[in-house]
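Peer 1: Test case, fold it:
(one chain, ligands or ions: 2)
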Amino acid sequence: MAYPGGGYYPAGGFGPPPGGYPQQDPMYGYFLQIAGQDGQIDAEELQRCLTQSGMSGSYKPFNLETCRLMIAMLDRDMSGKMGFNEFKELGMVLNGWRQNFMSVDTNRSGSVDGGELHRSLTSMGYSLSPQALNLITRRYSTHGRITFDDYITCCVKIRALTEAFRRRDVSQQGMVNFMYDDFIQCVISI
Ligand SMILES: [Ca+2]
Ligand SMILES: [Ca+2]
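Peer 2: Ligands and ions are numbered 1, 2, ... in the order given. Predicted coordinates for the structure are as follows:
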């Protein structure tokens, strides 16, 4: 098995909230405020929200492409935007990643090196080869350092790709046969 058995994923995060109807959820009003008239959050609204809420903390704000990826990662209903349950799930996922980043960025420099990124991904349960880890580091580092923003982009991609793979890996053996068109559909949205 080449990917986590689910330990890092919020259990049952895609269903209706445990409290029942979203209208009764204390976060629903906040969601509607961000979402505006259409009741859905797009990439620009998400970027504004994450910057204002301080999710990026002392780190620089998320870029728009990262916000697009976050929406694509959790877009269960393929609306291209973020509904309430998707938004709540994103909150949980981001908090987990943020804690993970801060636990490896011990001196709070706002960036981590390749070794720290490897440790972080391993602690999430991803079992990747040294070659794959080196490729990931090369792709997401600037002068050998990975900033929080790039770290999140990296986490979003690995998670989304892993989920797309896992959905096709029915026997859970870490192996899938892709048709060309399906492969393109899989990676183009990420
Ligand atoms: Ca909107
Ligand atoms: Ca959606």
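Peer 1: what residue is smack in the middle of the protein?
Peer 2: Val156 (3.2 Å; Cα atoms, centre = their mean).
Peer 1: what's near enough to touch it?
Peer 2: Neighbour list for Val156: Thr66, Leu69, Met70, Met73 [criterion: Cβ atoms under 8 Å, 6 or more residues apart in numbering]. C-betas here are computed from N, CA, C, even on glycine.
Peer 1: If we use 6 Å, what do you get?
Peer 2: Leu69, Met70, Met73 (Cβ atoms under 6 Å, 6 or more residues apart in numbering).
Peer 1: what's the answer for Leu50, then?
Peer 2: Applying Cβ under 6 Å, 6+ apart, one finds that Leu50 lies in contact with Phe62.
Peer 1: Tell me the secondary structure of the residue of the chain found nearest ligand 2, please.
Peer 2: Residue nearest to ligand 2 within the chain: Ser79 (3.7 Å; Cβ to the ion). Following DSSP: H, G, I helix; E, B strand; the rest coil, Ser79 is assigned to coil.
Peer 1: And Gln33, what's its pLDDT?
Peer 2: Predicted confidence (pLDDT) at Gln33: the value is 93.
Peer 1: Actually, Leu94.
Peer 2: If you check Leu94, the pLDDT there is 92.
Peer 1: Could you find the closest non-adjacent residue to it?
Peer 2: Spatial nearest neighbour of Leu94, excluding adjacent residues (Cβ to Cβ, 6 or more residues apart in numbering): Met55 at 6.0 Å.
Peer 1: The residue nearest to the centre of the chain is in what secondary structure piece?
Peer 2: Assigned by DSSP states H and E, Val156 falls within helix 148-168.
Peer 1: contacting residues around the helix or strand just after that helix?
Peer 2: Following helix 148-168 in sequence order, the next helix or strand is helix 180-188 (DSSP H and E). Contact partners of helix 180-188, identified using Cβ under 6 Å, 6+ apart, comprise Ala164.
Peer 1: mind running it again at 8 Å?
Peer 2: Around helix 180-188, the neighbours that count as contacts under Cβ under 8 Å, 6+ apart are Leu161, Ala164, Phe165, Arg168, Phe178.
Peer 1: buried subset of the residues you listed?
Peer 2: By neighbour count, with 16 or more other Cβ atoms under 10 Å, the contacts of helix 180-188 hold Ala164, Phe165 as buried.
Peer 1: how about the contacts of helix 180-188 in CSV, adding pLDDT and distance to ligand 1?
Peer 2: Shown next, in CSV, are these (pLDDT from 0 to 100; distance: Cβ to the ion, whole Å):
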residue, pLDDT, distance to ligand 1
Leu161, 90, 27
Ala164, 88, 26
Phe165, 91, 30
Arg168, 92, 32
Phe178, 90, 34
